[in-house]
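Colleague: Curious how this folds, go ahead:
(4 chains)
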Protein chains: 4
Amino acid sequence: MYAYAINKDKLLERLRKVEGQVRGLQRMVGEDKYCIDILTQINSVQGALQGVALGLLDGHVRHCVRESLVEGKGDDKIAELMSSIARIAAR
Amino acid sequence: MYAYAINKDKLLERLRKVEGQVRGLQRMVGEDKYCIDILTQINSVQGALQGVALGLLDGHVRHCVRESLVEGKGDDKIAELMSSIARIAAR
Amino acid sequence: MYAYAINKDKLLERLRKVEGQVRGLQRMVGEDKYCIDILTQINSVQGALQGVALGLLDGHVRHCVRESLVEGKGDDKIAELMSSIARIAAR
Amino acid sequence: MYAYAINKDKLLERLRKVEGQVRGLQRMVGEDKYCIDILTQINSVQGALQGVALGLLDGHVRHCVRESLVEGKGDDKIAELMSSIARIAAR
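Modeller: Down below sits the predicted model:
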């Protein structure tokens, strides 16, 4: 069981909202809505996903990474964390 | 009817795939999967959405913006386009 | 002579400011300043460069792309523009 | 003295290279080079700065954050780290 479990309900709630937004995007495309309005909506979904990612990362550092470091291990955890941050930053 | 209509089926197909990925994210959270794996998956969803956004933008420039410019109008269209690009770039 | 020439002085002024900020970063590293403060400063330089990029892009669309489109050409210009936007968006 | 001190020489070398690139950008603007080529070069500078930022962050986590966590403190360090990551991710 991982650290983000504490906010699991909130995470799931946010992801269900993202799912609803993605269905909204399909409706907008289906109804030939104006491109720029769809782009604005995609941007909002991206922001919501970024929020979920940062929330997960926060829990991960506070729990998994912390525990590994306190136990004197943690070099691999940090390498893995940095790769993940690099991918988020490249988004 | 807007320009992206040409690839409307493909856009809808991609957005349905994104919806499936978001449901996959919910499953991963529900099953307490490892944070870093969820982050990797979020990254993949964001990449897919970015692809949709760039595809829409391409159609928008090739059609809506082009027509406005050819008609000697288009200053507002360009201002609107630049705001949209700025938002995508800030993502 | 390209479109951004109109704001050439302003562009050069902004780039000289960026150069000063980068020298400031070297000073901060040389004086062992706190990592997080350096990161904040890097972020500010990146924001300034993004502003320059969006300014250039705006001039490019308003002039080079517009002219090509009005002349009935412009497909290559749009393809080139979209690649450039995709790179900015991936930043 | 902070963690990044270990790679201080390399960091300074990279920042001096960035400074040279920014002066190159000024030259390109001064010589009315093609907008898209300048944008490509800006993109390369942004990539170099992102690399410096991720390098600093890595050292920060491996040293400052690790020490704080091992000492049983570290909540503030993690909050500060997360804000910094959020800013990098928004870039």
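Colleague: check whether the helix or strand bottoming out on mean pLDDT in chain A contacts chain D.
Modeller: Counting by mean pLDDT, DSSP states H and E, chain A has its least confident helix or strand at helix A:66-70, which shows a mean of 86. Yes: applying Cβ under 8 Å from any Cβ of the partner chain, one finds helix A:66-70 in contact with chain D at A:66, A:69-70. C-beta coordinates here come from the backbone N, C-alpha and C atoms, glycine included.
Colleague: Leaving out chain neighbours, which residue sits closest to the most centrally placed residue in chain A?
Modeller: For chain A, the residue nearest the mean C-alpha position is residue A:53 (2.2 Å; Cα atoms, centre = their mean). Nearest non-adjacent residue to residue A:53, counting by Cβ to Cβ, 6 or more residues apart in numbering or on different chains: residue B:42, 4.8 Å away.
Colleague: before we move on, what about residue A:65?
Modeller: In space, and not counting its chain neighbours, residue A:65 is closest to residue A:77: 5.1 Å by Cβ to Cβ, 6+ apart.
Colleague: The helix or strand the one you found falls within packs against which elements?
Modeller: Using DSSP states H and E, residue A:77 sits in helix A:75-89. Here helix A:75-89 touches helix A:35-60, helix A:66-70, helix B:35-60, helix D:35-60, helix D:75-89, going by 3 or more Cβ pairs under 8 Å, 6 or more residues apart in numbering or on different chains; DSSP states H and E.
Colleague: Adding distance to residue C:62, write these out as CSV.
Modeller: Below are the helices and strands packed on helix A:75-89 laid out as CSV (distance: least, Cβ to Cβ, whole Å):
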stretch, distance to residue C:62
helix A:35-60, 17
helix A:66-70, 51
helix B:35-60, 16
helix D:35-60, 11
helix D:75-89, 31
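Colleague: quick one, what contacts the residue nearest to residue A:65?
Modeller: Listed by Cβ atoms under 8 Å, 6 or more residues apart in numbering or on different chains, the contact partners of residue A:77 are A:64-65, A:68-69.
Colleague: which parts of stretch A:50-57 are buried?
Modeller: A:50, A:52-57 (16 or more other Cβ atoms under 10 Å in any protein chain shown).
Colleague: right, I mislabeled it, should have said stretch A:56-73
Modeller: In stretch A:56-73, counting by 16+ other Cβ under 10 Å, buried: A:56-66, A:68-69.
Colleague: quick check, nearest of those residues to residue C:84?
Modeller: Of all those, residue A:57 has the smallest distance to residue C:84: 30.3 Å, by Cβ to Cβ.
Colleague: what residues are up against the closest one?
Modeller: The contact partners of residue A:57, by Cβ under 8 Å, 6+ apart, come to A:81, A:84-85, A:88, B:35, B:39, D:82, D:85.
Colleague: Those residues, buried ones only, as a ChimeraX selection?
Modeller: What follows is the ChimeraX syntax for the buried subset of the contacts of residue A:57, where burial is set by 16+ other Cβ under 10 Å:
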select /A:81,84,85,88 /B:35,39 /D:82,85
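Colleague: out of the contacts of residue A:57, who's nearest residue C:13?
Modeller: Distances from residue C:13 to those, taken by Cβ to Cβ, are shortest for residue D:85, at 31.7 Å.
Colleague: Excluding residues flanking it in the chain, which one is nearest that closest one?
Modeller: residue A:85 (5.8 Å).
Colleague: That neighbour is in contact with residue D:87, isn't it?
Modeller: No: under the criterion of Cβ atoms under 8 Å, residue A:85 is not in contact with residue D:87, lying 11.8 Å apart.
Colleague: Leaving out sequence neighbours, find the closest residue to the closest residue to chain C within chain A.
Modeller: Going by Cβ to the nearest Cβ, chain C is nearest to residue A:90 of chain A, at 6.8 Å. Excluding its sequence neighbours, the residue lying closest to residue A:90 (Cβ to Cβ, 6+ apart) is residue C:90, at 6.8 Å.
Colleague: what's the neighbour count on residue A:9?
Modeller: By the measure other Cβ atoms under 10 Å in any protein chain shown, the count of residues near residue A:9 is 10.
Colleague: element containing it?
Modeller: Counting by DSSP H and E, residue A:9 is part of helix A:8-30.
Colleague: I'd say residue A:23 and residue B:16 touch.
Modeller: No: counting by Cβ under 8 Å, residue A:23 does not reach residue B:16; the two are 9.2 Å apart.
Colleague: how about TSV for the residues of helix A:66-70 next to chain D, with distance to residue A:12 added?
Modeller: Output for the residues of helix A:66-70 next to chain D, formatted as TSV (distance: Cβ to Cβ, whole Å):
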residue	distance to residue A:12
A:66	24
A:69	29
A:70	29
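Colleague: out of those, who's nearest chain B?
Modeller: For the residues of helix A:66-70 next to chain D, the nearest to chain B is residue A:66 (12.7 Å; Cβ to the nearest Cβ).
Colleague: excluding its backbone neighbours, what's nearest that closest one?
Modeller: residue D:69 (5.1 Å).
Colleague: measure the one you found to residue A:58 for me?
Modeller: Computed with Cβ to Cβ, to the nearest Å, the distance linking residue D:69 and residue A:58 is 14 Å.
Colleague: can you list contacts of stretch A:14-29?
Modeller: Contact with stretch A:14-29 is made by A:37-38, A:41-42, A:44-45, A:48-49, A:51-52, A:55, B:4, B:8, B:11-12, B:15-16, B:18-19, B:22-23, B:25-26, B:29, B:52, as judged by Cβ under 8 Å, 6+ apart.
Colleague: now do 7 Å
Modeller: By Cβ atoms under 7 Å, 6 or more residues apart in numbering or on different chains, the residues outside stretch A:14-29 that reach it are A:37-38, A:41-42, A:44-45, A:48-49, A:52, B:8, B:11-12, B:15-16, B:18-19, B:22-23, B:25-26, B:29.
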